[in-house]
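Undergrad: A structural model of the following input is requested.
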Amino acid sequence: MERPGLGNRGWGLGSEGSGFGIWRSAFGTLLALATLLMGSAAAFAAASGSEGEGELGITVRVYDYAHVRRGALIAAEMQAGSIFYKAGLAMRWCNMITGSAESLMDSSCDQLADRATLNLRIVPRLKVMPGVTTDLTMGFAVGKLATVSYHWIKEWDPRAEAMPWDILACVIAHEIGHLLLGPNSHSTTGIMMGKWSPEALRAAGHGHLLFTPQQAELLRAEVLARSAEQRA
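TA: Prediction:
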């Protein structure tokens with residue numbers, strides 16, 4: 001997928017500064033949000049028996065080579081999980097060691113059971129590969145691997161009413177959606193749009209950028225088939 005164009009400078013804030021400087025002032029709010037989301041996720045798991053039989057879900061191994069701040073990564077994963085939950089799927093995120101001082105490791109990641117398993121890598125910036133990516137590409141998906149470029153995500157536009165973790169969550173969901181729906185699965189509405197308009201970014205900020213009902217049905221069917229194949 002590619003970033004949308006909002007004038008000469010696009011939807012980002014440009015390349016000035018480093019890393020998280022453009023949104024570090026909001027990090028206290030981010031940590032509070034992540035804590036709240038983690039609590040909500042734990043409550044949901046306890047109430048729904050998320051590791052129980054009959055669950056239709058996906059395990060995603062996350063390799064964070066961009067060294068996203070812990071609170072931002074957790075918040076993005078929880079929000080992406082909410083997007084899939086509304087499509088009828090339960091997500092399990094396994095944050096793998098990548099050499100960062102802030103890297104996470106879920107000790108249960110070695111116990112992937114019979115769930116469909118995919119891989120996600122977050123890189124600082126995608127290299128331009130003719131026919132695959134351009135300088136505007138935010139992510140791509142091939143086989144069982146989704147790749148997300150953090151370069152464009154961290155240069156968020158406050159006019160879009162979306163925070164960086166909002167955008168990161170939606171790009172993650174979009175690319176994982178490609179792994180399950182196929183490369184030619186862009187749509188004119190919802191989270192699988194190939195290019196996001198300012199309206200779409202506002203929807204992302206409010207949690208309204210979702211899979212369509214038809215896409216949700218296809219996602220569930222694909223995950224069910226992959227889970228059965230993995231069990232076999």
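Undergrad: contacting residues around Thr98?
TA: By CB atoms under 8 Å, 6 or more residues apart in numbering, the contact set of Thr98 is 63-65, 67. To be clear about C-beta, it is placed using only N, CA and C from the backbone, and glycine gets the same treatment.
Undergrad: got a markdown table for these, with secondary structure, neighbour count and distance to Leu209 too?
TA: Formatted as a markdown table, these follow (DSSP: H, G, I helix; E, B strand; the rest coil; neighbours: other CB atoms under 10 Å; distance: CB to CB, whole Å):
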| residue | secondary structure | neighbour count | distance to Leu209 |
| --- | --- | --- | --- |
| Tyr63 | strand | 18 | 24 |
| Asp64 | strand | 24 | 22 |
| Tyr65 | coil | 15 | 25 |
| His67 | coil | 18 | 26 |
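Undergrad: wait, which of those is closest to Ile83?
TA: Asp64 (19.1 Å; CB to CB).
Undergrad: check whether the closest one really touches Leu73, as I assumed.
TA: Yes. Assessed by CB atoms under 8 Å, Asp64 is found in contact with Leu73 at 6.2 Å.
Undergrad: what is in contact with these two at once?
TA: Residues touching both Asp64 and Leu73 by CB under 8 Å, 6+ apart: 95, 122.
Undergrad: average pLDDT for stretch 71-86?
TA: What stretch 71-86 shows for mean pLDDT is 95.
Undergrad: what does stretch 168-184 give?
TA: pLDDT averaged over stretch 168-184 gives 94.
Undergrad: before we move on, the earlier item: of the contacts of Thr98, closest to Leu181?
TA: So of the contacts of Thr98, ranked by how close each gets to Leu181 (CB to CB), first place is Tyr63, at 22.1 Å.
Undergrad: per-residue pLDDT, the closest one?
TA: For Tyr63, the pLDDT comes out at 94.
Undergrad: my read: it touches Met96, true?
TA: Yes. In this structure Tyr63 lies within contact range of Met96 using CB under 8 Å: 5.3 Å.
Undergrad: before we move on, back to that, for the contacts of Thr98, which one is nearest Leu180?
TA: Taking the contacts of Thr98 together and measuring to Leu180 by CB to CB, the closest member is Tyr63, at 18.9 Å.
Undergrad: quick one: Ser197 from Leu120, how far?
TA: Going from Ser197 to Leu120 by CB to CB, to the nearest Å gives 25 Å.
Undergrad: neighbour count: those two, which is higher?
TA: Using other CB atoms under 10 Å, the more surrounded residue of Ser197 and Leu120 is Leu120, with 26 against 14.
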